[in-house]
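*Asks:* The following comprises the amino acid sequence and a computationally predicted model.
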Amino acid sequence: MTKTRCDLCFLLIVLSALTLTSAHSQNQPPAPTPPPFAAVPQASQAQQDNFPAQLLEQLAAIKAAALADDYAYRQVAHLTENIGARPSGSLQAKAAVDYVAEELRKLGLDVQLEEVKVPHWVRGEETAQLVEYAGQAAGTTQKIVLTALGGSTSTPAEGITADVIVVNNFDELKALGHDKVSGKIVFFNEIFDKQKAAGGMAFMAYGEAVRYRGAGPREAAGLGAVAALVRSVGSADFRLPHTGWSFPAGIPAGAVTAEDAELMAHLSAQGKLRIHLTLTPQKLPDATGFNVIADLKGSEHPEQVVVVSGHLDSWDLGTGAIDDGAGVAVAMEAAEILQKLHLRPKRTLRVIAWMDEESGGAGSQTYTKDHSSEFLHHIAAIESDAGAAHPLGFDAKMTAAAADVLRPALTVLQSIGANVLRESTYPPGADISAMSEAGVPALGILQDGRTYFHYHHTAADTLDKIVPNELRENAAAMAVMGYALADMRDPLPR
């Protein structure tokens, strides 16, 4: 979005220069240069009332402080490298809860741990070999690189061997019917649209492909399949499998790499294809986890709450840096910056590190159960769960009137290119979706997502994927918007 704005400036400058050159070439006085933009509309009364000069100065100071602060990077470094992967129910998830809670207590926030019952699923052996296919050399097999999907059941320890049926969509599966699917392994070869991702619509591409990961195993099981495989939902071909949550299906379910998906599709088109599959995850008894909830109490309306948040749990393949240690860290920094600058907003700024976003959303569900009666006094909620790349602004699910009021806060972020407010028809964050559906204005940091799905849910989701300067920009966006919402005169209209 910033590039578009800069391109427009450049184009107008060029047109202006051409006008001057043409006039001089004809030995005529140059025509008056037109203004580069239409007149900027005068700030509405609501904007003026809610963003007086003092608040704008404070927001500018918050932005400057965030851009010079490495607090968020230190936090995400500890979460990912010292603690590691944080799947729900794990010892690492509990260690992360304790760490974040203590760090927020050090900032002087009022911290509570909200108990959450979470699923506890652990990964086991994950191997696969093609054991029969067209043109096979005698005595050989071919390795398939894959990983179990979250919630997958287990094959026997010795694995299973079955024919593979390749389908590209649910309609093809349904057309096969029970007789042709029963006893087989169904492979969904839905290709992630890389061109959409490269063009800035990565999350749209993800939404189109992820439905097969989510519902494919269940649909295959309904027709008698003994297992289901999906093409990894990701935008890069590094022979990395991408895990993720799937609806309980009662059969083993896994994701294969894009390269192995191509191999299986090609060989299936040539004739019979059989695979030996071993997946031995375990579904352990539900465990106790916690949402970390930390309040910087408001000076005038402490009962009114603005949520800044990210989710603390992660998948187990990598260390959860971009998904979503970064989101937790920038939410923490929003409070750290205010404390450092001795700024106390009128309303309560509530930092939440959500538990179990990845495997069912138990943390969000528990918060809704415990706090839904207070949602009328939740002024707004922000979640960062789209990586750590350069922020472009915010996705927002709110009324047009509310979006208009926030324009001065976006102007403060214009210098870092984070001034877009993009209307969203769906909640811009899984953990804040219930609040959004209840009418709470909801925002999600809108990041450059072109490479996010290279690493999402893979072993490569590690700290090195975070650019410190871009993380500082995300912290600035979260802190500026969080404080604006918490200190402006009036709550946003709903």
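*Replies:* Arrived safely.

*Asks:* only C-alpha atoms for contact and neighbour calcs from this point on.
*Replies:* Will do.

*Asks:* My understanding was that residue 445 contacts residue 384; is that so?
*Replies:* Yes - judged on C-alpha atoms under 8 Å, residue 445 makes contact with residue 384 at a distance of 5.4 Å.

*Asks:* give me every residue that touches residue 331.
*Replies:* Residue 331 sits next to 308, 309, 310, 351, 352, 384, 475, 478, 479 when contact means C-alpha atoms under 8 Å, 6 or more residues apart in numbering.

*Asks:* Help me confirm that the third one is found in a helix?
*Replies:* Which is residue 310. No - assessed with DSSP: H, G, I helix; E, B strand; the rest coil, residue 310 is strand; it does not lie in a helix.

*Asks:* Partner strands of the longest strand belonging to the chain, with direction?
*Replies:* For the chain, the longest strand by residue count, based on DSSP state E, is strand 282-296. Strand pairing for strand 282-296, using DSSP bridges, gives strand 110-122 (antiparallel), strand 347-354 (antiparallel).

*Asks:* mind checking how far it is from the chain centre?
*Replies:* Using C-alpha atoms, centre = their mean, to the nearest Å, the mean C-alpha position of strand 282-296 is found 19 Å from that of the whole chain.

*Asks:* And it, what's buried?
*Replies:* Buried residues in strand 282-296, defined by neighbour count with 16 or more other C-alpha atoms under 10 Å: 283, 289, 290, 291, 292, 293, 294, 295, 296.

*Asks:* so where do the helices sit in the stretch 351-494 of the chain?
*Replies:* Using DSSP state H, counting those that start in this stretch, the helices of the stretch 351-494 of the chain run over residues 362-371, 400-405, 407-412, 433-437, 452-455, 468-487.

*Asks:* check contacts around residue 305.
*Replies:* 347, 348, 349, 350, 377, 378, 379, 380, 486.

*Asks:* show me where the stretch 51-200 of the chain has strands.
*Replies:* Taking DSSP state E, counting those that start in this stretch, the strands of the stretch 51-200 of the chain run over residues 110-122, 126-132, 142-143, 146-148, 160-167, 185-188.

*Asks:* Mind putting these into CSV with distance to residue 366?
*Replies:* Formatted as CSV, the strands of the stretch 51-200 of the chain follow (distance: least, C-alpha to C-alpha, whole Å):
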stretch, distance to residue 366
strand 110-122, 6
strand 126-132, 33
strand 142-143, 42
strand 146-148, 27
strand 160-167, 38
strand 185-188, 34
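
*Asks:* How much space separates residue 329 from residue 67?
*Replies:* The span separating residue 329 from residue 67 equals 14 Å under the rule C-alpha to C-alpha, to the nearest Å.

*Asks:* ditto for residue 445
*Replies:* With distances taken as C-alpha to C-alpha, residue 445 is found 16 Å from residue 67.

*Asks:* cool, residue 368 as well?
*Replies:* As judged by C-alpha to C-alpha, residue 368 and residue 67 stand 33 Å apart.

*Asks:* same question, residue 366
*Replies:* Distance from residue 366 to residue 67, by C-alpha to C-alpha: 34 Å.
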